[in-house]
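> model this:
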Amino acid sequence: MSGLAAGIRLAHYDQRVCILERHYTIGGLNSFYRMNGRDYDVGLHAVTNFTEKGAKKGPLARILRQLRFKWEDFSLAPQKGSRIVFPETEIRFDNDIELLRAEIAQAFPTQVDHFESLLQKIIDYDDLDQAAFQISGRQVLAETFTDPLLIEMLLCPLMWYGNAAEEDMVWGQFCIMFRSIFMEGFARPYKGVRLILKNLVKRFRGLGGELLLRKGVRKIHVDSGHAVAIELDNGEQIVGKRILSSAGNIETLRMCSDTSEPDPRGAGQLTFIESISVLDRQPESIGNSDTIVFYNDSDKFHWNRPKQDLCDVRTGVICSPNNYIYSDDDGTLSDGIVRITTIADFDRWNDLSEEEYRIEKHRWYDRSVASAVRFTPDFRNYVIDTDLFTPTTIQRFTWHDNGAVYGAPDKQLDGTTHVDNLFLCGTDQGYVGIIGAMMSGISMANLHCLRD
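Here you go, the predicted structure:
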């Protein structure tokens with residue numbers, strides 16, 4: 001997403017751009033596939049940062065303006081409503097901050113003024129303030145609220161949808177995610193992520209951009225601090241004026257000819273399994289009208305790589321793409337879908353034999369679903385098809401170390417590297433999610449490639 005957005009932005013200014021993708025399809029983690037006659041999205045639960053048609057402010061409006069798309073080109077349907085569920089306490093929210101305000105006032109009446117104080121801090125935050133990425137989000141929240149349960153409940157969805165670090169979340173990332181989820185909101189294209197991807201590719205190629213699939217980058221040749229060429233997996237070399245890499249910080253440094261092996265401890269550790277259950281009816285017909293449910297089974301939110309098993313089912317995300325407000329022209333999705341995301345351990349999954357891998361996929365599908373139905377109506381009697389992807393799937397399609405969905409914990413907001421014409425975009429630059437990734441590509445293209 002970040003590469004496609006950067007490519008379009010640059011091609012609008014008559015720059016020759018070539019996008020290289022190691023795999024046979026576009027999108028990275030935010031992609032799609034077809035199996036048993038059905039289309040499946042990979043990665044997409046929701047497009048965050050949603051604003052209604054005609055909005056002039058916010059990341060979505062900026063993306064549409066800078067990539068010269070119409071609002072209709074993404075065809076976004078808003079969420080019906082979502083929940084954060086902890087034992088004995090839940091908070092509902094939708095795309096209007098007033099519902100969240102009301103829910104906090106009801107569940108945490110002593111925290112109302114503290115919540116207003118938090119909102120003011122977030123409004124005043126600058127997205128490119130590198131210092132904010134050195135401050136503990138938990139520390140700021142502890143100084144703001146007096147009820148620790150509310151802190152855990154606010155952190156839960158924000159970490160699930162955009163936090164690369166274990167336990168804590170830096171203040172800058174907290175502000176970005178709070179805005180994107182609670183102050184703007186969730187939406188989804190009726191046809192899923194494929195609509196956005198296909199429109200991006202069509203626009204890029206229409207501007208003369210070159211997109212090469214099955215063309216992975218093996219090495220970036222560096223001479224005196226300057227990238228002089230890139231070498232593909234097949235040995236072919238390509239010369240360009242500048243390089244934007246969405247491969248990740250450590251992964252990009254590993255490709256540079258002038259660097260030794262980067263310290264693997266700097267790589268992200270958080271990765272997931274995700275089950276997809278196809279139902280013979282709409283989820284709403286069995287009482288599930290939530291767009292997304294973020295759950296945790298104790299008053300302390302669990303956000304760590306599993307220490308003893310392949311997965312940790314104590315916390316998770318339940319998403320139904322059926323539960324968006326689609327237009328009358330779209331109608332409803334033909335199949336009922338429930339997607340459940342669970343924290344996983346890359347090394348344990350990667351060490352399995354082929355037979356063990358097959359068995360564990362079935363085992364953890366059952367365990368993750370059994371955990372999730374404590375917080376949503378039990379849909380298991382209505383399942384007609386299933387699939388599950390694992391950390392090794394994520395690693396194969398993103399090339400991120402450890403299959404880390406949100407990249408490395410330390411972000412490089414200005415996108416610079418030790419090479420003067422090599423820049424980062426995507427998750428390791430600092431923005432996550434579909435809108436965030438595109439915003440990252442645009443910002444880095446503007447900052448580093450359109451100044452001369």
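
> what pLDDT does Glu116 get?
Note for Glu116: predicted pLDDT of 97.

> mind giving me the packing neighbours of the helix or strand hosting it?
Glu116 belongs to helix 112-123 when elements are defined using DSSP states H and E. Here helix 112-123 touches helix 97-107, helix 137-144, helix 171-178, going by 3 or more C-beta pairs under 8 Å, 6 or more residues apart in numbering; DSSP states H and E. Yep, even glycine has a C-beta here, placed from its N, CA and C like the rest.

> angle of that helix against helix 97-107?
With axes from the mean of the first three to the mean of the last three C-alpha atoms, to 10 degrees applied, the angle from helix 112-123 to helix 97-107 works out at 150 degrees.

> distance check, Cys175 against Gln429.
To Gln429, Cys175 is 16 Å away according to C-beta to C-beta, to the nearest Å.

> more crowded one of these two?
Gln429 (29 against 25; other C-beta atoms under 10 Å).

> which SS class is Asp39?
Here Asp39 is recorded as strand under DSSP: H, G, I helix; E, B strand; the rest coil.

> measure the most centrally placed residue in the chain to Thr393 for me?
Centroid-nearest residue in the chain: Gly433, 3.3 Å away (criterion: C-alpha atoms, centre = their mean). Gly433 is 19 Å from Thr393, where distance means C-beta to C-beta.

> who's in contact with the closest residue to Arg9 other than its chain neighbours?
In space, and not counting its chain neighbours, Arg9 is closest to Ala445: 4.4 Å by C-beta to C-beta, 6 or more residues apart in numbering. Applying C-beta atoms under 8 Å, 6 or more residues apart in numbering to Ala445 gives the contacts Ala5, Ala6, Arg9, Leu10, Leu244, Cys425.

> so the fifth one sits against Gly441, correct?
Okay, so that is Leu244. Yes - with contact defined as C-beta atoms under 8 Å, Leu244 reaches Gly441; the gap is 7.3 Å.

> any chance you could map the strands in the stretch 251-400 of the chain?
For the stretch 251-400 of the chain, the strands defined by DSSP state E, counting those that start in this stretch occupy 271-279, 292-296, 311-319, 336-344, 383-389.

> of all those strands, which one is nearest Ser285?
Closest to Ser285 of the strands of the stretch 251-400 of the chain is strand 336-344 (C-beta to C-beta; 7.9 Å).

> at which residues are the helices of the protein located?
Here the chain has its helices, by DSSP state H, at 2-11, 59-67, 97-107, 112-123, 137-144, 148-160, 171-178, 193-206, 249-255, 346-350, 354-372, 391-398, 433-449.

> those: lowest mean pLDDT?
helix 391-398 (a mean of 89).

> domain ranges for this protein, per the record?
For the chain, the structural domains run 2-78+191-265+406-449, 82-184, 269-398, going by automatic domain parsing.

> just how off-centre is the last one within its chain?
What it means is domain 269-398. Distance of domain 269-398 from its chain centroid, counting by C-alpha atoms, centre = their mean, to the nearest Å, is 15 Å.

> quick one: end-to-end length of it, please.
Start and end residues of domain 269-398 are separated by 14 Å (C-alpha to C-alpha, to the nearest Å).

> could you do the second one as well?
In terms of C-alpha to C-alpha, the two terminal residues of domain 82-184 are separated by 13 Å.

> how far does that domain sit from its chain's centre?
In terms of C-alpha atoms, centre = their mean, the centre of domain 82-184 is set 18 Å apart from its chain centre.

> and stretch 408-426, by the same measure?
Taking mean C-alpha positions (C-alpha atoms, centre = their mean), stretch 408-426 and its chain are 18 Å apart.

> stretch 437-452 now?
19 Å.

> send me that stretch as CSV with only the CA atoms.
Taking C-alpha atoms only, stretch 437-452 is exported to CSV below (Å, rounded to 0.1, in the frame of the first residue of the first chain):
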residue,chain,number,x,y,z
ALA,A,437,0.4,2.9,4.9
MET,A,438,-0.8,5.0,2.0
MET,A,439,-0.2,8.2,4.1
SER,A,440,3.3,7.0,4.8
GLY,A,441,4.1,6.5,1.1
ILE,A,442,2.7,9.9,0.2
SER,A,443,4.6,11.7,3.0
MET,A,444,7.9,10.1,2.2
ALA,A,445,7.5,10.8,-1.5
ASN,A,446,6.7,14.4,-0.7
LEU,A,447,9.6,14.8,1.8
HIS,A,448,12.4,13.1,-0.1
CYS,A,449,11.5,12.9,-3.8
LEU,A,450,9.6,16.0,-4.7
ARG,A,451,11.8,18.7,-3.2
ASP,A,452,14.0,19.2,-6.3
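
> buried sites along that stretch?
Residues of stretch 437-452 classed as buried: Ala437, Met438, Met439, Ser440, Gly441, Ile442, Ser443, Met444, Ala445, His448, Cys449 (neighbour count, 16 or more other C-beta atoms under 10 Å).

> the fourth one: what's its closest spatial neighbour, skipping adjacent residues?
With C-beta to C-beta, 6+ apart as the criterion, Ser440 has its nearest non-adjacent residue at 4.1 Å, and that residue is Tyr431.

> how many residues are close by that neighbour?
As a burial measure, Tyr431 scores 29 neighbours (other C-beta under 10 Å).

> and the buried residues of stretch 437-452 as TSV, adding distance to Ser289?
Shown next, in TSV, are the buried residues of stretch 437-452 (distance: C-beta to C-beta, whole Å):
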residue	distance to Ser289
Ala437	29
Met438	30
Met439	31
Ser440	33
Gly441	35
Ile442	35
Ser443	37
Met444	39
Ala445	40
His448	45
Cys449	45
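
> give me the buried subset of the contacts of Ala445.
Buried members of those, scored by 16+ other C-beta under 10 Å, are Ala5, Ala6, Arg9, Leu10, Leu244, Cys425.

> let me have these in TSV, extended by distance to Asn49.
Below are the buried ones among the contacts of Ala445 laid out as TSV (distance: C-beta to C-beta, whole Å):
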residue	distance to Asn49
Ala5	14
Ala6	18
Arg9	18
Leu10	22
Leu244	21
Cys425	17
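
> between these, which is closest to Gln269?
Taking these together and measuring to Gln269 by C-beta to C-beta, the closest member is Cys425, at 22.0 Å.

> touching, the closest one and Ala247? I think so.
No - if you go by C-beta under 8 Å, Cys425 and Ala247 don't touch, sitting 9.8 Å apart.

> can you pull the contacts of the residue nearest to the centre of the chain?
Val47, Thr48, Asn49, Tyr161, Gly162, Ser180.

> of those residues, which pair is most distant in space?
In the contacts of Gly433, two members sit farther apart than any others by C-beta to C-beta. They are Val47 and Gly162, at 13.0 Å.

> so which residues make contact with stretch 399-410?
Under the contact criterion C-beta under 8 Å, 6+ apart, stretch 399-410 has outside partners 22, 29, 43, 133, 162-165, 247-251, 264, 266-272, 346-347, 390-395, 398, 426-428, 432.

> restrict that stretch to CA atoms and write it as PDB.
Written as PDB, here are the backbone C-alpha positions of stretch 399-410 (Å, rounded to 0.1, in the frame of the first residue of the first chain):
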ATOM      1  CA  TRP A 399       9.200 -10.600   4.400                       C
ATOM      2  CA  HIS A 400       9.100  -9.100   7.800                       C
ATOM      3  CA  ASP A 401      11.300 -10.800  10.400                       C
ATOM      4  CA  ASN A 402       9.200 -12.900  12.700                       C
ATOM      5  CA  GLY A 403       6.200 -12.300  10.600                       C
ATOM      6  CA  ALA A 404       5.800  -9.000  12.600                       C
ATOM      7  CA  VAL A 405       2.600  -7.400  11.400                       C
ATOM      8  CA  TYR A 406       3.400  -3.900  12.600                       C
ATOM      9  CA  GLY A 407       7.100  -4.100  12.000                       C
ATOM     10  CA  ALA A 408       9.900  -3.000  14.400                       C
ATOM     11  CA  PRO A 409       9.000  -1.200  17.600                       C
ATOM     12  CA  ASP A 410      11.400   1.700  16.900                       C
END
